[in-house]
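Q: Coordinates only, no sequence provided:
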């Protein structure tokens, strides 16, 4: 029988994190631990970390709702499923058949990864693929919002550390100052062929979004993510007229399986950006990727500020696909109290170092620590 428990952990930012939706000092994640009662020392972990302001399920009642889902799962006295050729589809079918709450993306992602982890031996090996075999994933360097000097300093550090793709948040500061940052990058690093991605998080006003995008064209921008708020009719015109390729993120949140193809065919973005925590878990992201490939739409995957536990699962999922795009998976160092892990972000790559151990003692103190030590 599968047993379940829930563990809360508040992740503390190591700097003043600022987005277009406001500052963030910390972020709460809940971890679902699953184990077979016949082997209590072997357990799988899945991270449930809805993002304030983005995840539709994030509200004051979320922890109560999550606890109810975990308790319901426990009460069903389920046996471990068998994985088919497509392990993500197998877990999706298992959750559907047993009527586990599939409405909330962050909960789906946590159960998917906890089950996959458990079925693979409880070693945080969600998929045994090339990432675990030490083939790194290319990643972009994320530049956080802040004052002009702060942003320029981050750019210099990222490029000095070997990143050749940088992603900048725009829309939260004075637009001219943001243009100054882009101009600085192009002037100083013109020999280094730096790819610039922009993320507006829906901050541009629909009335002047195209004007701003046209102003940004001179900086040779790779793409701009979610220029206006999702669900607005103006997005179709922006996708059609923008001189910079448009990438969707928030636009994809909460879209049902039978609506996905219709949305992509109607709006025709050049790229989609996927976060399992926001876009239906691993199975939901797999659906989006399949459609994107059919429609010749580019895609990449990013974290939603998960801890190393969620980040590890997302990186392994990403490596299930043949892709040369830089993914947004360089967020493991943004917290003071992240879980030490085999993950290493360095020189524009996320690597898995199998000789480096996981340290989960901060999640399992005192009476539960023996479970970790034996795992």
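A: Now that the structure is in, tell me what you want to look at. What you are looking at is a predicted structure, and each value in this text was computed from that prediction instead of being measured.
Q: And the strands in this structure?
A: Remark: strands assigned in the chain by DSSP state E are 2-19, 22-36, 39-48, 137-138, 141-143, 165-169, 195-199, 223-225, 246-248, 271-274, 298-301, 343-346, 349-352.
Q: Now tabulate the ones you listed in JSON lines and tack on mean neighbour count, distance to residue 291 and mean pLDDT.
A: Backbone N, C-alpha and C define where each C-beta goes, glycine included. Formatted as JSON lines, those follow (neighbours: other Cβ atoms under 10 Å; distance: least, Cβ to Cβ, whole Å; pLDDT from 0 to 100):
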{"stretch": "strand 2-19", "mean neighbour count": "16", "distance to residue 291": "28", "mean pLDDT": "88"}
{"stretch": "strand 22-36", "mean neighbour count": "18", "distance to residue 291": "28", "mean pLDDT": "90"}
{"stretch": "strand 39-48", "mean neighbour count": "21", "distance to residue 291": "25", "mean pLDDT": "94"}
{"stretch": "strand 137-138", "mean neighbour count": "20", "distance to residue 291": "22", "mean pLDDT": "96"}
{"stretch": "strand 141-143", "mean neighbour count": "23", "distance to residue 291": "26", "mean pLDDT": "92"}
{"stretch": "strand 165-169", "mean neighbour count": "23", "distance to residue 291": "24", "mean pLDDT": "94"}
{"stretch": "strand 195-199", "mean neighbour count": "22", "distance to residue 291": "22", "mean pLDDT": "96"}
{"stretch": "strand 223-225", "mean neighbour count": "25", "distance to residue 291": "18", "mean pLDDT": "98"}
{"stretch": "strand 246-248", "mean neighbour count": "24", "distance to residue 291": "12", "mean pLDDT": "98"}
{"stretch": "strand 271-274", "mean neighbour count": "25", "distance to residue 291": "9", "mean pLDDT": "98"}
{"stretch": "strand 298-301", "mean neighbour count": "21", "distance to residue 291": "9", "mean pLDDT": "98"}
{"stretch": "strand 343-346", "mean neighbour count": "18", "distance to residue 291": "29", "mean pLDDT": "94"}
{"stretch": "strand 349-352", "mean neighbour count": "20", "distance to residue 291": "25", "mean pLDDT": "96"}
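Q: Dump these into JSON lines; add distance to residue 104 as well.
A: Formatted as JSON lines, the strands of the chain follow (distance: least, Cβ to Cβ, whole Å):
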{"stretch": "strand 2-19", "distance to residue 104": "14"}
{"stretch": "strand 22-36", "distance to residue 104": "12"}
{"stretch": "strand 39-48", "distance to residue 104": "8"}
{"stretch": "strand 137-138", "distance to residue 104": "27"}
{"stretch": "strand 141-143", "distance to residue 104": "26"}
{"stretch": "strand 165-169", "distance to residue 104": "26"}
{"stretch": "strand 195-199", "distance to residue 104": "24"}
{"stretch": "strand 223-225", "distance to residue 104": "23"}
{"stretch": "strand 246-248", "distance to residue 104": "20"}
{"stretch": "strand 271-274", "distance to residue 104": "17"}
{"stretch": "strand 298-301", "distance to residue 104": "19"}
{"stretch": "strand 343-346", "distance to residue 104": "26"}
{"stretch": "strand 349-352", "distance to residue 104": "27"}
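Q: which stretch among these comes nearest residue 362?
A: strand 2-19 (7.4 Å; Cβ to Cβ).
Q: what's that closest one packed up against?
A: strand 22-36, helix 62-75 (3 or more Cβ pairs under 8 Å, 6 or more residues apart in numbering; DSSP states H and E).
Q: do you know which of these lies nearest residue 193?
A: strand 22-36 (32.1 Å).
Q: Now find how far off-centre that closest one is within its chain.
A: Centroid separation for strand 22-36 versus its chain: 13 Å, with Cα atoms, centre = their mean, to the nearest Å.
Q: still on that earlier bit, export the helices and strands packed on strand 2-19 to JSON lines and tack on distance to residue 139?
A: Shown next, in JSON lines, are the helices and strands packed on strand 2-19 (distance: least, Cβ to Cβ, whole Å):
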{"stretch": "strand 22-36", "distance to residue 139": "20"}
{"stretch": "helix 62-75", "distance to residue 139": "29"}
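Q: Perfect, that will be all.
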